[in-house]
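>>> No letters, just coordinates:
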Ligand code: NAD
């Protein structure tokens with residue numbers, strides 16, 4: 001089955017290198033019109049250059065595809081979406097991919113390293129996605145990818161700014177999935193692994209050559225295709241030929257009556273239950289807790 005994207009307009013942020021470049025070239029090769037956004041900054045988000053985006057657009061056109069460049073920061077997301085509208089008249093698929101790293105331990109973190117990473121990842125995704133949202137709602141179709149990371153899901157030494165931002169992609173994506181579904185706007189979150197300049201600082205060199213962005217592209221391609229509407233609000237780990245889904249697991253836990261007998265000692269006595277995942281649930285809405293709260297009121301007093 002060869003999935004195609006003819007007639008669709010795809011915006012890829014940070015498409016001048018690495019994963020973004022691979023997405024842009026793929027969608028153009030399968031019939032989409034592509035906006036190649038890239039600020040052309042360093043891995044740390046310093047400097048700007050039109051060269052990165054221009055090189056990708058040049059390659060796409062040489063290969064017979066259709067693409068235009070946009071050089072704005074994702075913090076100016078409206079201008080990126082405007083490029084899609086003014087050149088192609090629509091926007092169908094948004095791949096939020098741009099990113100920077102400012103790796104430093106929490107002890108040595110400074111405001112600039114913290115704020116720069118939040119600005120590109122969190123604010124950039126917010127501004128770009130919000131600019132696309134009204135078009136998606138109006139046309140009752142939209143596909144959004146947010147890019148998280150294993151560092152955002154599990155934490156990683158020396159990446160507190162990055163992991164906080166990447167974890168934010170999950171919360172944002174889950175909410176967009178819930179708000180967008182009735183307009184056929186589907187949002188999914190990927191945690192990719194690929195050997196490119198961003199990972200060169202955090203992965204062992206012998207692993208790097210086994211990984212290429214090309215092994216992430218097909219997974220994203222499935223998640224955004226118009227005929228694939230079976231995933232929404234999913235967190236997908238992707239890379240090196242591996243694809244899997246991540247979900248929350250909640251232990252059956254301890255249920256204590258909420259009155260004066262709910263003491264620290266009563267909690268401690270139940271801590272084994274808190275850690276017992278034998279009858280776990282897999283919550284995906286905030287409403288899941290309400291039933292438990294009602295049940296706790298009918299319990300006998302706790303053992304102090
Ligand atoms: P990369 O550095 O090769 O590419 C990122 C691109 O984003 C660069 O071309 C850069 O110029 C551009 N960019 C940076 N700031 C920008 C801004 N403000 N506006 C527009 N463009 C900007 O990185 P990559 O490894 O391809 O990473 C792509 C995404 O995947 C990032 O969000 C990254 O955090 C995420 N990610 C990558 C890996 C991995 O293994 N490579 C793992 C987890 C997550």
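Received it, and whenever you're ready, just let me know what you need. This is a predicted model, so every value here is computed, not measured.
>>> CA atoms for contacts and neighbours, from now on please.
Fine.
>>> any chance you could map the strands in the stretch 101-250 of the chain?
Ranges of strands in the stretch 101-250 of the chain, per DSSP state E, counting those that start in this stretch, are 142-147, 185-192, 235-239, 242-246.
>>> Same list, those, but as JSON lines with distance to residue 256 and mean pLDDT please.
Shown next, in JSON lines, are the strands of the stretch 101-250 of the chain (distance: least, C-alpha to C-alpha, whole Å; pLDDT from 0 to 100):
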{"stretch": "strand 142-147", "distance to residue 256": "38", "mean pLDDT": "98"}
{"stretch": "strand 185-192", "distance to residue 256": "35", "mean pLDDT": "98"}
{"stretch": "strand 235-239", "distance to residue 256": "32", "mean pLDDT": "95"}
{"stretch": "strand 242-246", "distance to residue 256": "29", "mean pLDDT": "96"}
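>>> Could you dump those into JSON lines with mean neighbour count and distance to the ligand added?
Converted to JSON lines, those look like this (neighbours: other C-alpha atoms under 10 Å; distance: least, C-alpha to the nearest ligand atom, whole Å):
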{"stretch": "strand 142-147", "mean neighbour count": "26", "distance to the ligand": "5"}
{"stretch": "strand 185-192", "mean neighbour count": "27", "distance to the ligand": "5"}
{"stretch": "strand 235-239", "mean neighbour count": "23", "distance to the ligand": "8"}
{"stretch": "strand 242-246", "mean neighbour count": "13", "distance to the ligand": "13"}
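>>> Out of these, which gets nearest to residue 132?
Proximity to residue 132 (C-alpha to C-alpha) singles out strand 142-147 among these, at 8.6 Å.
>>> where do the helices sit along the stretch 101-250 of the chain?
111-118, 124-139, 150-154, 160-180, 205-208, 217-224 (DSSP state H, counting those that start in this stretch).
>>> What are the buried residues along stretch 2-22?
By 16 or more other C-alpha atoms under 10 Å, the buried positions in stretch 2-22 come out as 4-5, 8-22.
>>> Kindly report the same for stretch 148-165.
Judged by neighbour count (16+ other C-alpha under 10 Å), stretch 148-165 contains these buried residues: 148-153, 155, 158-165.
>>> End to end on it, go ahead and measure it.
One end of stretch 148-165 sits 8 Å from the other (C-alpha to C-alpha, to the nearest Å).
>>> quick check, it touching the ligand?
Yes: against the ligand, stretch 148-165 shows contacts by C-alpha under 6 Å from any ligand atom at 148, 149.
>>> Please work out the average pLDDT along that stretch.
Across stretch 148-165, pLDDT averages out at 97.
>>> Off-centre distance for it?
Relative to the centre of its chain, stretch 148-165 is centred 12 Å away, using C-alpha atoms, centre = their mean, to the nearest Å.
>>> Contacts for that stretch, please.
Here stretch 148-165 makes contact (C-alpha atoms under 8 Å, 6 or more residues apart in numbering) with 101-106, 113-114, 117-118, 121-122, 166-170, 189-193.
>>> out of those residues, which are buried?
101-104, 113-114, 117-118, 121-122, 166-170, 189-193.
>>> nearest spatial neighbour of residue 190, skipping sequence neighbours?
Distance criterion C-alpha to C-alpha, 6 or more residues apart in numbering; nearest residue to residue 190, sequence neighbours excluded, is residue 236 at 4.7 Å.
>>> Mind listing the residues bridging to that neighbour?
Here residue 236 sits in beta bridges with residue 190, residue 245, going by DSSP bridges.
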